[in-house]
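Asker: here is my input, please return the structure:
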Amino acid sequence: MSYTQLAGARVPIRMWADPASVDEGAMRQLHNVATLPWIKGLAVMPDVHYGKGATVGSVIAMHGAVCPAAVGVDIGCGMSAVKTSLTANDLPGDLSRLRAKIEQAIPVGRGLHASPVEPGRLHGFPLAGWSGFWKRFEGIADAVKFRAERAAQQMGTLGSGNHFVEFCLDESGAVWLMLHSGSRNIGKELADFHIGQAQKLPHNQGLVDRDLAVFVADTPQMAAYRNDLFWAQEYAQYNRAIMMALFQDVVRREFKKARVTFEPVISCHHNYVAEERYDGMDLLVTRKGAIRAGAGDLGIIPGSMGTGSYIVKGLGNAASFNSASHGAGRRMSRSAAKRAFTARDLAEQTQGVECRKDAGVVDEIPAAYKPIEQVMDQQRDLVEVVAKLKQVICVKG
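Answerer: As a prediction, this is how the structure comes out:
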């Protein structure tokens, strides 16, 4: 599918979604974003849905400005995946023990590590820049400074909501490890703090939506936000790297006789800011619920906890600012899903997957999400499929 172009106040709205399927609230947000004086482009992914200020599933390119709400409140949220030497034939018939071992190694929900994980003891963890990263903690916003100890204990934990750790099989029967998480509560606190700071600035008075407040270049407020933003993006990246190392350690122990090997880890943010150049102009590109899909870039596009996911390679479509969707995208709010479905429905829709099937995760039921196959079909000009995965274990917060 190529995109549909709608008229916007300052820039056209390029949509890889069917406009008729986008709800009124999300469409209003897209038109609001197109009114911002600093905007240079807006691309809308097939998984688009309503968010805070800006929709989830939008790519917003601005010159000399950045909108914190267009990044998303879980700064740096993203995915990691790795192919292993294991195959379906190596797996036991009962996967409950393996799921339990994963949950023991990686705290979920609001769980913390009893003491900070020491990355130097993790097999293959990239230590370059690690010590410098923690030294910069003292320079981030006062809103979170008091949480230094908690930040360290949260590093390498899953969180809740739509975050997950999965054991998957591709169509050839090869085993993949995959996970989805972000910057934990620190990223959200930083996002909320800076959105509040931006809303107070004179140039943001009179905006169509106060949640679209921006920071502009060459100001102290922009410098402070960029410092905290890029720190939180790194936090999220390290968080996933530690979890993946812990996950791999579980697999090594549980399949000791198989002498498991791992291919290079694929990792991608989908709530972040990048400095990129288009049409001779340096732009700040925010991807909120979108991944970078430059030519040859490897990425991960997950479905729901019962449907499967895709490993993809970007096609470098400049019309989308080299982007693609971050997943299936919700078609139903969490509260609506809880009203519409029961734990029995969840059990039916996750048949064959070793996972929680209780009322606490009904809001993550597959039916609350858009069909992942439809989402993939709508972005054939953005990515090509490298592998299709189906989960056999899904750990939720």
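Asker: now the residue nearest in space to the middle of the chain. Nearest residue, chain neighbours left out?
Answerer: By C-alpha atoms, centre = their mean, the mean C-alpha position of the chain lies nearest to G78, the distance being 3.1 Å. Spatially, and ignoring its direct neighbours in sequence, G78 is nearest to H269 (4.1 Å; C-beta to C-beta, 6 or more residues apart in numbering). From N, CA and C alone the C-beta is placed, and that goes for glycine too.
Asker: which residues does that neighbour contact?
Answerer: Listed by C-beta atoms under 8 Å, 6 or more residues apart in numbering, the contact set of H269 reads G76, C77, G78, Q233, A236, Q237, R287, I291, R292.
Asker: show the pLDDT at the last one.
Answerer: In this case it means R292. Looking at R292, its pLDDT reads 98.
Asker: swap in the fifth one?
Answerer: A236 is assigned 96 on the pLDDT scale.
Asker: what's the burial count for it?
Answerer: When neighbours are counted by other C-beta atoms under 10 Å, A236 registers 24.
Asker: same check on the first one?
Answerer: For G76, the count of nearby residues is 29 (other C-beta under 10 Å).
Asker: using CSV, list the CA coordinates for stretch 247-255.
Answerer: Listed next in CSV are the C-alpha coordinates belonging to stretch 247-255 (Å, rounded to 0.1, in the frame of the first residue of the first chain):
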residue,chain,number,x,y,z
PHE,A,247,17.2,-14.0,29.4
GLN,A,248,20.1,-15.6,27.5
ASP,A,249,21.7,-16.8,30.8
VAL,A,250,18.4,-18.6,31.6
VAL,A,251,18.4,-20.3,28.2
ARG,A,252,22.1,-21.3,28.6
ARG,A,253,21.3,-22.9,32.0
GLU,A,254,18.1,-24.6,30.9
PHE,A,255,19.5,-26.0,27.7
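Asker: longest helix in the chain, please.
Answerer: Taking DSSP state H as the criterion, the chain has its longest helix at helix 220-254.
Asker: pull up the pairing partners for the helix or strand that it is followed by, direction included.
Answerer: For helix 220-254, the following helix or strand on the C-terminal side (DSSP states H and E) is strand 266-269. Partners of strand 266-269 in the sheet, by DSSP bridges, are strand 78-87 (antiparallel).
Asker: contacts for the helix or strand following the partner strand, please.
Answerer: Where DSSP H and E defines the elements, the next helix or strand beyond strand 78-87 is helix 96-105. Contacts to helix 96-105, defined as C-beta under 8 Å, 6+ apart, come from residues 92, 165, 167, 246-247, 249-250, 253-254, 354-355, 393, 395.
Asker: packing partners of the worst-scoring helix or strand of the chain on mean pLDDT?
Answerer: Every helix and strand in the chain was compared by mean pLDDT, DSSP states H and E; the lowest is helix 130-135, with a mean of 87. Packed against helix 130-135 by the contact rule (3 or more C-beta pairs under 8 Å, 6 or more residues apart in numbering; DSSP states H and E) you find helix 220-254.
Asker: follow-up on the earlier one: okay, the angle between the longest helix of the chain and strand 78-87?
Answerer: 20 degrees (axes from the mean of the first three to the mean of the last three C-alpha atoms, to 10 degrees).
Asker: list the contacts of E354.
Answerer: The neighbourhood of E354, defined by C-beta under 8 Å, 6+ apart, consists of L95, S96, L98, R99, V392, I393, C394.
Asker: need phi/psi at the fifth one.
Answerer: Dihedral angles of V392 (phi, psi; degrees, to the nearest 10) stand at phi -120, psi -20.
Asker: tell me if I'm right that it and L95 touch.
Answerer: Yes: at 6.2 Å, V392 counts as touching L95 under the criterion of C-beta atoms under 8 Å.
Asker: what's the overlap in contacts for the two?
Answerer: Here V392 and L95 have F167, E354 as joint contacts, going by C-beta under 8 Å, 6+ apart.
Asker: those two: which is more packed in?
Answerer: Taking neighbours as other C-beta under 10 Å, V392 and L95 compare with V392 leading, 19 against 15.
Asker: now the more buried one, nearest residue through space, not along the chain?
Answerer: Nearest non-adjacent residue to V392, counting by C-beta to C-beta, 6+ apart: F167, 5.6 Å away.
Asker: what bridges to the one you found?
Answerer: Under the criterion DSSP bridges, F167 forms beta bridges with L177, I393.
Asker: look at the nearest residue to H113 once chain neighbours are set aside and give its secondary structure.
Answerer: Excluding the flanking residues, the one nearest H113 by C-beta to C-beta, 6+ apart is Q153, at 5.1 Å. Look at Q153: counting by DSSP: H, G, I helix; E, B strand; the rest coil, its state is helix.
Asker: my read: N227 touches L190, true?
Answerer: No: contact criterion C-beta under 8 Å: N227 and L190 do not qualify, at 10.1 Å.
Asker: more neighbours: these two, which one.
Answerer: More neighbours surround L190 than the other of N227 and L190, with 24 against 14 (other C-beta under 10 Å).
Asker: dump the residue contacts of the more buried one.
Answerer: Contacts for L190 were tallied using C-beta under 8 Å, 6+ apart; they are I75, I140, A141, A143, V144, S183, D228, L229, A232.
Asker: among the residues you listed, the buried ones, what's the ChimeraX command?
Answerer: Those of those that count as buried under 16 or more other C-beta atoms under 10 Å are selected in ChimeraX with:
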select :75,140,141,143,144,183,228,229,232
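Asker: just send the contacts of L190 back as TSV, with pLDDT and distance to G316 too.
Answerer: Output for the contacts of L190, formatted as TSV (pLDDT from 0 to 100; distance: C-beta to C-beta, whole Å):
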residue	pLDDT	distance to G316
I75	95	26
I140	89	34
A141	85	35
A143	78	38
V144	81	37
S183	93	28
D228	95	30
L229	95	25
A232	94	27
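Asker: quick one: which of the contacts of L190 is nearest V214?
Answerer: Taking C-beta to C-beta as the measure, V214 lies nearest L229 of the contacts of L190, at 12.9 Å.
Asker: alright, that wraps it up for me.
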